[in-house]
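**Student:** Got a predicted structure here, sequence first:
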Amino acid sequence: MKKAVIFDLEGVLVNLREGGLEIIEENFEFAKNLRENYKLGILSNLSAEYVDDLRREGFYDVFSEIHLSGETGLSKPGREAYLLILERMSVSAQEAIFIDDSPENVRAAREVGMETILFTEYGELVREFEEKENPLV
């Protein structure tokens, strides 16, 4: 069993809309349900201008680490971005699952050693997560 789940933000947990963020509710609820058993993180290439929106929407209450490239100066698919969040979450790459909607970012996370899920839609996300965490089911 893994210890951490790291999500991309845009396209997985939120969509960017004029005037702010639109939460993808079913995916955000999925993440919230995981926090009982996993450390949760966000690794996103968004700018720091969204920090206030994320705070207002409760993301900082759900995720122990939120890394926006606008704050850290490191962006996906750069190896350093993945290594930084793993270090800050105190988990190894082998102990984490990374979820993103970009094949390039998923490939880079896999090269670092993380288990990965390429997000396409909610039902597939749930199925793949359960398959990875409960391989005998």
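**Tutor:** Good, I have the coordinates. Residues are numbered from 1 along each chain as shown.

**Student:** count of neighbours near Glu49?
**Tutor:** Around Glu49 there are 10 other residues, counting by other C-beta atoms under 10 Å. All C-beta atoms are positioned from the backbone trio N, CA, C, and that covers glycine.

**Student:** Helix, strand or coil: sort out it for me.
**Tutor:** Of the three states, Glu49 takes helix under DSSP: H, G, I helix; E, B strand; the rest coil.

**Student:** Not counting sequence-adjacent ones, nearest residue to it?
**Tutor:** Spatial nearest neighbour of Glu49, excluding adjacent residues (C-beta to C-beta, 6 or more residues apart in numbering): Gly70 at 7.0 Å.

**Student:** which ones are touching the one you found?
**Tutor:** Leu46, Ser47, Ala48, Glu49 (C-beta atoms under 8 Å, 6 or more residues apart in numbering).

**Student:** got it, and Val126?
**Tutor:** Phe30.

**Student:** Same question for Leu16.
**Tutor:** Neighbouring residues of Leu16 by C-beta under 8 Å, 6+ apart: Glu10, Glu22.

**Student:** So it lies in a helix, does it not?
**Tutor:** No. Assessed with three-state DSSP, Leu16 is strand; it does not lie in a helix.

**Student:** now the helices: where do they sit in this structure?
**Tutor:** Applying DSSP state H to the chain gives helices spanning 25-34, 51-56, 59-62, 69-72, 79-89, 103-112, 122-133.

**Student:** What are the buried residues along the last one?
**Tutor:** For helix 122-133, a neighbour-count test (16 or more other C-beta atoms under 10 Å) marks Leu125, Glu128, Phe129, Glu133 as buried.
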